[in-house]
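From the sequence below, what's the structure:
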Amino acid sequence: MTAVQAAFFEASERQYKRGLWFWRGGIAAAIGALLIVAGGLTIYSRQQSQFAQRQAELRQEADNATTEAVRQAEVANSEKARADAERDQALQTQSLFLAELSEQETSAGDATNGILLALEALSKDMDNSDRPYVVEAEAALYGGVLAHRERHVLQGHEGTVWFAAFSPDGAKVITASADRTAGLWYAASGKPLATLQGHEDTVSSAAFSPDGAKVVTASDDRTARLWDAASSEPLATLQGHEDAVWSAAFSPDGAKVVTASTDDTARLWDAENGKPLATLQSQVGGVWSAAFSPDGTKVVTASDDRTAKNWWVFPTTQDLIDYANSIVPRQLTA
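This next block holds a predicted model:
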């Protein structure tokens, strides 16, 4: 081997050893790095495990807290329900006691105290009641109110009062009495307004016209009479019945009056002048009452003969002619 070749091999061997050393160093560095990463992963994994365990512990604590809160809420609700039931029972007992006191006060003549006691036994707002409803309390209140209303007694008649009715606006009351008079009264105060005098026997009924401007009265003196409701002056006497007139009523438009009599008839009259318009006679027995239908085209009567009858009423002469032509189509002349 020449000196050159020996030098080449020697150089190659040194290069190989140097490369081998670097390779081994790299491997060692890589292994070191892997060991570091593995250590880091182990630490991270341990931390994650500990974190997950802590999270599970926290969830369990939260679940336990929720369960306890629900239990405490149920206990609280149960205690509230029991307290509410006890309160309602106490209020119900109180209401019954107040209702009894209310009835006692009303019966003793003090309707005002009776009303006040009954009001205490009932909720002030029934839509948002703050106490149990007790029917005895409502009954006591109703009795007190009725007794209180009786203070508006319409006094003044000297005989039996047979009939009473409100005016259409509710401001007045008309009464009919066996003392041969009809009375006009203020509805709000019960004070007398006027006395309608002129009948010669018991006044059995009275009624306002639909507009409240007139009054009609019926009497045992065989007449009915029309009166001005404002002035109390007589307007007309409806004469023609042969026995007591028991009732009188206006038509819905106020243009007519129907009367019922024990002479076995009902009669129609002009409400403006009191003139007779028709006699309704087919019943055997006294006619006790008569009334117009809401549209004013019919009258119904009630009688001693055990029947009630419907009668046609025609607002105008033309209506009568048209109806007659409809039921008898023939004509005597062209």
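
Quick check: Val216 is in a strand.
Yes - counting by DSSP: H, G, I helix; E, B strand; the rest coil, Val216 is part of a strand.

From Gly114, how far off is Gln60?
65 Å (Cβ to Cβ, to the nearest Å). Every C-beta, even on glycine, is put in place using the N, C-alpha and C of the backbone.

which residues of the stretch 1-150 of the chain fall in helices?
With helices called from DSSP state H, counting those that start in this stretch, the stretch 1-150 of the chain shows them at 3-107, 111-120, 135-149.

Make CSV from the ones you listed and add mean pLDDT to it.
Converted to CSV, those look like this (pLDDT from 0 to 100):
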stretch, mean pLDDT
helix 3-107, 75
helix 111-120, 88
helix 135-149, 85
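
on that earlier part again, more neighbours, Gln60 and Gly114?
Neighbours per residue (other Cβ atoms under 10 Å) separate Gln60 from Gly114, with Gly114 holding more: 26 against 10.

How much space separates Gln60 from Phe97?
Noted for Gln60: a distance of 55 Å to Phe97, by Cβ to Cβ.

same question, Gly286
As judged by Cβ to Cβ, Gly286 and Phe97 stand 55 Å apart.

Give me the more crowded residue out of the two.
Neighbours were counted for Gly286 and for Phe97 using other Cβ under 10 Å; Gly286 has more, 18 against 13.

distance of the more buried one from Ser205?
14 Å.

Output the helix or strand containing Leu235 as CSV, nothing but the C-alphas.
For Leu235, the host element (DSSP states H and E) is strand 234-239. Extracted as CSV, the C-alpha positions of strand 234-239 are listed here (Å, rounded to 0.1, in the frame of the first residue of the first chain):
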residue,chain,number,x,y,z
PRO,A,234,-155.6,63.9,32.9
LEU,A,235,-155.5,63.7,29.1
ALA,A,236,-158.4,61.3,28.3
THR,A,237,-160.8,58.8,29.7
LEU,A,238,-161.1,55.5,27.9
GLN,A,239,-164.8,54.6,28.2
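
For it, name the packing helices and strands.
Using 3 or more Cβ pairs under 8 Å, 6 or more residues apart in numbering; DSSP states H and E, the elements in contact with strand 234-239 are strand 223-228.
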